[in-house]
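Peer 1: Structure of the sequence below:
(chains A, B, C, D and E)
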Amino acid sequence: METAGSDSAGIKKKPASPRRKKPFHAPPGTAPGTFVVPEGALKPRVKIFSYDALSFEELEVSGVLAIKSQIDSHPDKNHWIDIRGFGDKAFFEQVADCFGIHRLQMEDVVNVYQRAKVEEYQGHLFCVSRCIKEENGIIINDQLSLFVGSNFVISIQDKYEDLLEPVRDRIRHGKGYVRKYGADYLSYALMDVVLDNFFPVLERVSDRLDELQDALIDNPTRDLLNRVLQTKRDLIMLRRSIWSEREKMNDILRSSFPLISETTKIFFRDSYDHCVHVLDLVESYKEVTASLMDVYMSSVSNRMNQVMKVLTIISTIFIPLTFIVGLYGMNFAHTNPKTGEDLPLNMPELYSPYGYITVNAIMILIVIGLVVFFIKKEWLTKGN
Amino acid sequence: METAGSDSAGIKKKPASPRRKKPFHAPPGTAPGTFVVPEGALKPRVKIFSYDALSFEELEVSGVLAIKSQIDSHPDKNHWIDIRGFGDKAFFEQVADCFGIHRLQMEDVVNVYQRAKVEEYQGHLFCVSRCIKEENGIIINDQLSLFVGSNFVISIQDKYEDLLEPVRDRIRHGKGYVRKYGADYLSYALMDVVLDNFFPVLERVSDRLDELQDALIDNPTRDLLNRVLQTKRDLIMLRRSIWSEREKMNDILRSSFPLISETTKIFFRDSYDHCVHVLDLVESYKEVTASLMDVYMSSVSNRMNQVMKVLTIISTIFIPLTFIVGLYGMNFAHTNPKTGEDLPLNMPELYSPYGYITVNAIMILIVIGLVVFFIKKEWLTKGN
Amino acid sequence: METAGSDSAGIKKKPASPRRKKPFHAPPGTAPGTFVVPEGALKPRVKIFSYDALSFEELEVSGVLAIKSQIDSHPDKNHWIDIRGFGDKAFFEQVADCFGIHRLQMEDVVNVYQRAKVEEYQGHLFCVSRCIKEENGIIINDQLSLFVGSNFVISIQDKYEDLLEPVRDRIRHGKGYVRKYGADYLSYALMDVVLDNFFPVLERVSDRLDELQDALIDNPTRDLLNRVLQTKRDLIMLRRSIWSEREKMNDILRSSFPLISETTKIFFRDSYDHCVHVLDLVESYKEVTASLMDVYMSSVSNRMNQVMKVLTIISTIFIPLTFIVGLYGMNFAHTNPKTGEDLPLNMPELYSPYGYITVNAIMILIVIGLVVFFIKKEWLTKGN
Amino acid sequence: METAGSDSAGIKKKPASPRRKKPFHAPPGTAPGTFVVPEGALKPRVKIFSYDALSFEELEVSGVLAIKSQIDSHPDKNHWIDIRGFGDKAFFEQVADCFGIHRLQMEDVVNVYQRAKVEEYQGHLFCVSRCIKEENGIIINDQLSLFVGSNFVISIQDKYEDLLEPVRDRIRHGKGYVRKYGADYLSYALMDVVLDNFFPVLERVSDRLDELQDALIDNPTRDLLNRVLQTKRDLIMLRRSIWSEREKMNDILRSSFPLISETTKIFFRDSYDHCVHVLDLVESYKEVTASLMDVYMSSVSNRMNQVMKVLTIISTIFIPLTFIVGLYGMNFAHTNPKTGEDLPLNMPELYSPYGYITVNAIMILIVIGLVVFFIKKEWLTKGN
Amino acid sequence: METAGSDSAGIKKKPASPRRKKPFHAPPGTAPGTFVVPEGALKPRVKIFSYDALSFEELEVSGVLAIKSQIDSHPDKNHWIDIRGFGDKAFFEQVADCFGIHRLQMEDVVNVYQRAKVEEYQGHLFCVSRCIKEENGIIINDQLSLFVGSNFVISIQDKYEDLLEPVRDRIRHGKGYVRKYGADYLSYALMDVVLDNFFPVLERVSDRLDELQDALIDNPTRDLLNRVLQTKRDLIMLRRSIWSEREKMNDILRSSFPLISETTKIFFRDSYDHCVHVLDLVESYKEVTASLMDVYMSSVSNRMNQVMKVLTIISTIFIPLTFIVGLYGMNFAHTNPKTGEDLPLNMPELYSPYGYITVNAIMILIVIGLVVFFIKKEWLTKGN
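Peer 2: Reported below is the predicted structural model:
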């Protein structure tokens, strides 16, 4: 599970940990095709949905034999083998052997950082989808692996709660086309429901960008900068995911896999359109995010401008006044104390009856003049 | 309807709302092909234009049967079924059943955020166009959906006022080629008139960019920054729209749809050229917008420069003067009051008859010198 | 005519007007193929150059009949119908009917904002070229439209003075290959002479960029910023034009138009190389322009640095001095005036015979020390 | 060996040297195909692993004859000729002659800056891989050259310690598929183990980026800037390497080399997926690095903001106070000392019993007012 | 010759001139295929190298007849006609006629700003290569034109000193393959030696970038900015050159020119690899250069930060002190001089025996406190 955190309050404490929880690859040198069940993986829960247009059966099974016998005893029905949890290596090896799955593919199932893709191998299709959802402001990127045969679909995920519940409901209640069409349509339905979950995530990202833009113009804090950077990382990750989804859909449409019927291809064409639409939106949001960095920089500059203006206004008003009062603090002698000589040119203002009032009046006029100057320059207007 | 607001006065109050009015997708997990009529949708108004080169008939109808019978009774005429308003789900289901329209396509009609595209399905073409117009400085992006058959075109939109009135007039008065050619030409005429509306919108954007550039160099306010960002978003949205229009036109030209005659393809080639031209302009304007952000940043820096200069000029002039007057405010005693000892080296200037005048003269000379220095440095010139 | 002004002195007065003189498209909803002669268009002047390797004839004609009869009476010669001026709609309709020109093409001829392109239609080629020239520092982007038949070329432009005079001279005096080869070579010669005019324009742009770079490093004024932005817009426009020219040349080389002989294709290959070369240069200049914005920003920062240094030097020198003189302006009493008590610790310096001189000496030393500090920091060096 | 240093403590001392240790090309004009053994190259150590599914033999040999005879005496086994060290030109010439290797290829082996590639020549494949590892924070980019025949693989490297040990172990202990499949699988295993080493390097880069982002926001030092730039260079180099790896894998998959069996191609498809994944990550990290430069710039601006605020707070508080105390330092005479005339309007405050206390109170109120102002402006809050 | 100057000391004096010495195109309207010998062109020097594997002959000839007779008299040998200097139009016209060279090609030979390319015409290949070398820190971009026939190669350059001397030596001394293979290998050898010269130039650029990065972080001067911009221009020019070289090599490999044997194609494949490698490096260096602009900007900001800190430190220390000394410079009367009334609340500090010492002590404490504050803020640490 690749998580991309944001909005998280505790971002300062252990910043590295919320960004990525597990290493994204087995250690180099591991023999290809040897899959390693990650530590702490959940025990697999297996359900089989066997259905045709008229009937429907939902079984909770354990063990490959039960799966095999259920499929073999109803060869004319479609079977969805719905596996959640990785914690049983032997079970997955039996599944691989039973359904003719290549060990590299089983490695890809367990190593949950694959790009979305479709591969044909020995009569079945192997599809990987990226499952995007948002929990508490953190975007979570899980993996859904599908093996599609002529009358069965095996879906494998590492968590119990997933995005496929709407499809289960549709099978249970016979809603939509899912019970009417074959296993290929089921694989479409599963990949489509996962793809649909990009939209609410993108809507949240779009809202977040609008909020950030408004907040940044008012007050460029470091926390907002962190959130912009996090959103950028989220969008980079989303773009990577949807790009590979789009390639997968294109491969399905362009390649002539015998398992995918023409009727179902019309539906996949719709999924392809959704991928392109999502990609368009992600690219747009990336451009908006890029301009948010500029907005942040300009807001920082604006704040400095505000600070500078306060300094300049205070200094410009008081420095000349301080000069004036300093001027009349000089000690030039009006009379030479020793000789008693009169020095009438030395600061006669000090002995004028209205000297003090005149100086105060001049200073008040200076202040008024400067305030008018600042108003004219619009320095006292907020928000410039 | 995706709206991209700008110029709006009330941008501060509820900033998120003018940007996007409705969610852009049905909730994830909805069964594919189940279309949901949006709340508050207008009741559909249906008109049929039946025409050939010589005759013309305009009917206001309700119900699919009326449409069907009109087409069937005039199989040699062309029929434009002009539907505006979504507010009747049953009606659209009947239209889909009657004309063999796939439910996914009907879903695309109602879900008005599709990319422009063309699809062939069971003997008809399904075309989506983006309708761009500007109202009160806000760019509005509506959708026009077309189903093109051999002798009919169904157009569906969600609002009553639209961009197609010129085509209606041309049919009514027999202007241009529209009555002479078939349904494929009508579909061209409808898509072309919608495409033509990109040009006045782009002209407005171009004017806005010119205004913004001039305004930003003079006075970089936050409001202008907001408008630059809004223009950038508008252009991103326009690029997305015209890019898909161009792909659609290319698909029509490259694919060999039997419904599109060679004669009409010449007209579509012209539309393709228009798309490329619009795309060129949008790209150019995006580059101009990018440089406007730089202009904003440089104007903010320039303003800070102005503030700094005022501070520096005031400080540079008055700080040295304040020092001088402070100098002669010192209390070094000319005579030791207790001993009566003469201290002739202590500030004799204070007892010179011309001391005060000399000091004032020196200070005036300093001011003149500094003003000359600032003039030479061009600090007093505005606009640098 | 799309004009992209720069160097213009009057840029401040009416900035919006010199940028674009006319709207770039007919009003939306105009029926396709209805061409509208723009207001104030010049009356068409028509010349026919009829030539073969040995003979040459230059006629000034009016009316389509005269053109037609001249071509029909000399079927073995090549004919260049050289039309300048749009101001006669009837004439152009007759030309279209006479030579089998599609109305959409005639619309493209009159609507002079087309991209460069080549189209085949009913036995003739329709070519559009962009004519770039510079007048008074403003880059002008006109259109040359060509219809190429087996033994004739029709060229149409909207102004009397054009770039084709060298080709007329070559025909008149039998220079080069033009009289030896057919109409396809003539079309090449016309498009090539127009293409050649990109080079002097680019040379001017290159010179302008060099000047701007030197000027910006010295003195980043708003006027220079305006010129950089204008040059960027010019280059965006040039890139758009040359890109479409390159596509046109590529279409001519790749498509197998029967009208273009293999011999002439060798010449078009040369034109294609020129297009690629021009495109290379335009891209290079665009990158240089992008770095000029950075240079401007850094120069603005440098200027602020200069201002800051002046402020800091003045403040750093005089603020400590002002403190010192303030210190000895304090009124601590050496003797309590009421009690006559001696207070020998209160400012004894004031009564020292060398107090004033010592203080002055200390202040001079401080000034010297700070100047040495500034010299060491290279703050007094210009140009840093 | 191209090394890209970072984290290195001694970066200040000799910054140019750790970046590139050797020139990356032979002097111009050297005859093609003349390979030059670099100075100080290690003496070659040659091992042969001869194996089939059941048996395994590991020999240390010297000389081409020993290699040849070992292969010839076990034609049904697979042989890995594992050569490390370049320091014997004659030996490599004999190898080239013995196995039909082109001199240009041998030049590429010794000139260790090749892009990853695959070439077919005279019945063998020549593959170059980039070996990326990190030592002491410095990313090292070595070369692995492979010659793949029908029953042998020759691997050549310039250092004794390498990344291939896991493959040697798998052959020794018969783990995985390597002993079961042919020489083509061995070549895959060698290239795959090398490719796997990109992942831990990228993980370290990712960690470094997270650390740098956190550190930059707090404290933008030059050293951090240097590390960001170094990381950018590392990523540019990694992108170059993985891009060519991806092209190599694509060539292997798309070309129909008879030496590569369909079974092995499934494994190469997996390697191709890994390349695309690595490329995705490198591109993402490059985008993150680009935003780190912005973070650095904004942090520098923020620091300046802090400095400005301190200056402004101090100045804004004390400059008005200094004015007030200067005001009451003026020497306006209350009584004309000569005439004894009373001047009651001159600074009567000085003779009020509570004058001094009132002034002090006013100044305290001003300070309190300004502090409230700064608190309201959030200037005293850290981190803004 | 296109020169791109850098490192030049005299860059300030006449900045426009060193950048481009000659116009890069003949005046527009010149008839195609009329080549103009540039003014001041050197008189052509012609050498013929006639060789086969066993024998070798080197002749200095003048006139086309001598060339022709030498080739005709040794039809089984390979002939390299090595022409340097353009200053004889008649000679080149004779060469064109004698070897069947198109006039457009001869125009390209003389007009030395062509992109690298390969063209087939009437049984010979026409190849253009860009010759990059560095002289005194200025990158010089010359042209090498080759005409390749079945048993001859004509090379034409405009200067006497060139990059081909190593090939001449290899022919003279029979080193390498050049005497063993045919004229196609000779053309390869000539183009390869020219291509090899990109590497030392790039190494110099790489060194320059390292130096600039180190210098910029320490001291961002305008001169360094100029050098960064010049390096950017150099890299833009190098990219243009190597891009066209790569396209040329690709054309040679993909097209099936009968003159190029399969054996020689293996060598051209090596050249293609070199082109891709050079292109990779140029792109990398361009990215590094882009980040150098950012480094410059950040260093300018850092310098301003330094200046600001000096100002702030000085102001923060002395402005409060100046206030304090101003405080005790106030003239509040302790005794009303007229009434003799005691005003004990007015500045009693002035009459305290330890008043002056106490004030000085307080001021020293303030200074110590502020210095501690600055040390804690790390403002006195250099390099932040």
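Peer 1: And residue A:325, how close does it get to chain B?
Peer 2: 9 Å (Cβ to the nearest Cβ, to the nearest Å). Bear in mind the C-beta positions are built from the backbone N, C-alpha and C, glycine included.
Peer 1: okay, and the helix or strand of chain A with the least pLDDT?
Peer 2: helix A:16-19 (a mean of 42; mean pLDDT, DSSP states H and E).
Peer 1: Now the element after that helix, going C-ward?
Peer 2: Going down the chain from helix A:16-19, the next helix or strand is strand A:45-51, by DSSP states H and E.
Peer 1: List the contacts of that next one.
Peer 2: With contacts defined as Cβ atoms under 8 Å, 6 or more residues apart in numbering or on different chains, strand A:45-51 is touched by A:56-62, A:67, A:70, A:74, A:77-85, A:160, A:168, A:171, A:179.
Peer 1: Report the buried members of these.
Peer 2: A:67, A:70, A:74, A:77-85, A:168, A:171, A:179 (16 or more other Cβ atoms under 10 Å in any protein chain shown).
Peer 1: if you go through chain A in chain order, where are the helices?
Peer 2: A:16-19, A:64-73, A:89-99, A:103-110, A:165-173, A:183-196, A:198-218, A:222-254, A:262-327, A:355-376 (DSSP state H).
Peer 1: Quick one: residues contacting the closest residue to chain C within the stretch 151-300 of chain A.
Peer 2: Closest approach between the stretch 151-300 of chain A and chain C, counting by Cβ to the nearest Cβ: residue A:297, at 11.2 Å. Residue A:297 makes contact with B:297, D:294, D:297-298, D:301 under the criterion Cβ under 8 Å, 6+ apart.
Peer 1: can you rerun that using 6 Å?
Peer 2: Residue A:297 makes contacts with residue D:298, as judged by Cβ atoms under 6 Å, 6 or more residues apart in numbering or on different chains.
Peer 1: Residues of the stretch 101-250 of chain A that sit close to chain D?
Peer 2: Within the stretch 101-250 of chain A, the positions adjacent to chain D are A:104, A:115, A:221-222, A:229, A:232, A:236, A:240 by Cβ under 6 Å from any Cβ of the partner chain.
Peer 1: Out of those, which comes closest to residue D:93?
Peer 2: residue A:104 (39.9 Å; Cβ to Cβ).
Peer 1: what residues are up against the closest one?
Peer 2: A:33, D:270.
Peer 1: same thing but at 7 Å, please
Peer 2: Residue A:104 is in contact with A:32-33, D:266-267, D:270, counting by Cβ atoms under 7 Å, 6 or more residues apart in numbering or on different chains.
Peer 1: Check what pLDDT it gets.
Peer 2: You'll see residue A:104 listed with a pLDDT of 91.
Peer 1: what do you get for the one 10 residues further on?
Peer 2: With respect to pLDDT, residue A:114 has a value of 86.
Peer 1: hang on, it packs against residue A:142?
Peer 2: No: using Cβ atoms under 7 Å, residue A:114 is not in contact with residue A:142; the gap is 11.4 Å.
Peer 1: Against chain C, how distant is residue A:361?
Peer 2: 25 Å.
Peer 1: likewise residue A:342?
Peer 2: Residue A:342 is 24 Å from chain C, by Cβ to the nearest Cβ.
Peer 1: Just give the closest residue to that residue, not the sequence neighbours.
Peer 2: residue A:335 (5.8 Å; Cβ to Cβ, 6 or more residues apart in numbering or on different chains).
Peer 1: again with residue A:131
Peer 2: According to Cβ to Cβ, 6+ apart, the nearest residue to residue A:131 is residue A:142 (4.2 Å).
Peer 1: Check residue A:125 too.
Peer 2: Closest to residue A:125 by Cβ to Cβ, 6+ apart is residue A:148, at 4.3 Å.
Peer 1: can I assume that neighbour is in contact with residue A:258?
Peer 2: No: the criterion here is Cβ under 7 Å, and residue A:148 misses it with residue A:258 at 11.4 Å.
Peer 1: quick one, which of these two is more surrounded?
Peer 2: Remark: of residue A:148 and residue A:258, residue A:148 carries more neighbours, 25 against 10, as counted by other Cβ atoms under 10 Å in any protein chain shown.
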